[in-house]
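Colleague: I would like the atomic coordinates for the input below:
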Amino acid sequence: HSNDDFLLKSIVRNSSDSGSLTTSFAQDRMWLMEQARPGRAIGNRPLAIELSGALAAKLLRKALNEVTRRHEILRSRYVLEGSILQVDFDATLEVELSLESVECGSNTNQFTVLQKRIKRELLKPLDLERGPVFRCKLYRLGEDWHVLLIVIHHLIGDDWSDVVFIKELSALYYGWRKED
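Modeller: As a prediction, the model looks like this:
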């Protein structure tokens, strides 16, 4: 058996009659921790990507939407049905990408200001039931210098998936950029 066979069997085993998927024990535990402390961002994880050079924000948003379209987990929502936590998917999710300029006074370090703003974003909870379970923000530090922040819930992301996300996002963005 290959690893792909195991993954397929795991997904099929967890499928319910309604088309939703049941969650794993780890997901149940993380969801319960969130419910025990409402309004807190217990499972939020930062993924910050530094972007240098001229930026095409529309292409970046297009690439974010394509990665989201390709990976169903990025469109997931966690809904309690009776006593069973189910995973539903939003087929029409559009990624929002807000832009915020990081301007500093003469005595303020721009990196310190950016860190504070990232921390502020991390402290905002994600709505696990309504979704999306991640959000994106683009910080402009200079004309050709940006930081893309993706706040992603641990229910759908870990270090390994961050690598996959960044590789796909980069390939799509730079591929489309060459076509422009």
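
Colleague: Just the pLDDT for Leu172.
Modeller: Looking at Leu172, its pLDDT reads 96.

Colleague: In a helix, it, correct?
Modeller: Yes. Membership of Leu172 in a helix is supported by DSSP: H, G, I helix; E, B strand; the rest coil.

Colleague: The closest residue to it other than its chain neighbours: which element?
Modeller: Leaving out its chain neighbours, the residue that sits closest to Leu172 by C-beta to C-beta, 6 or more residues apart in numbering is Ala63, at 4.0 Å. The C-beta positions use only the backbone N, C-alpha and C, and glycine is treated the same way. Element membership for Ala63 (DSSP states H and E) is helix 57-70.

Colleague: Pull out the buried residues from that helix.
Modeller: Leu59, Leu60, Arg61, Ala63, Leu64, Asn65, Glu66, Val67, Thr68 (16 or more other C-beta atoms under 10 Å).

Colleague: ok, the helix or strand following it: who's next to it in the sheet?
Modeller: Beyond helix 57-70 in the direction of the C-terminus, DSSP H and E gives the next helix or strand as strand 76-81. Its sheet considered, strand 76-81 pairs with strand 84-89 (antiparallel) by DSSP bridges.

Colleague: check contacts around the closest residue to Cys104 other than its chain neighbours.
Modeller: In this structure, Cys104 finds its nearest non-sequential neighbour in Gln110, 4.8 Å apart by C-beta to C-beta, 6+ apart. Each residue near Gln110 by C-beta atoms under 8 Å, 6 or more residues apart in numbering is listed here: Val102, Cys104, Leu141.

Colleague: Not counting its own residues, what contacts the helix holding Ala63?
Modeller: 51, 74-75, 93-95, 97, 99, 136, 138, 148, 165, 168-169, 172-173, 176-177, 180.

Colleague: which among the residues you listed end up buried?
Modeller: 51, 74-75, 93, 95, 97, 136, 138, 148, 165, 169, 172-173, 176.

Colleague: So which of the residues you listed belong to strands?
Modeller: Counting by DSSP state E, these place Leu51, Leu97, Cys136, Leu138, Leu148 in strands.

Colleague: And the fourth one, how far from Ser101?
Modeller: Okay, so that is Leu138. 10 Å (C-beta to C-beta, to the nearest Å).

Colleague: same deal with the third one?
Modeller: Between Cys136 and Ser101 the computed distance is 16 Å (C-beta to C-beta).

Colleague: Closest to Leu126 out of the contacts of Gln110?
Modeller: Val102 (22.7 Å; C-beta to C-beta).

Colleague: okay, and for this protein, where does confidence drop off?
Modeller: Where the chain drops to pLDDT under 70, the residues are 1-19, 105-107.

Colleague: 90 - rerun?
Modeller: By pLDDT under 90, the low-scoring segments of the chain are 1-30, 32-40, 80-84, 91, 103-111, 178-180.
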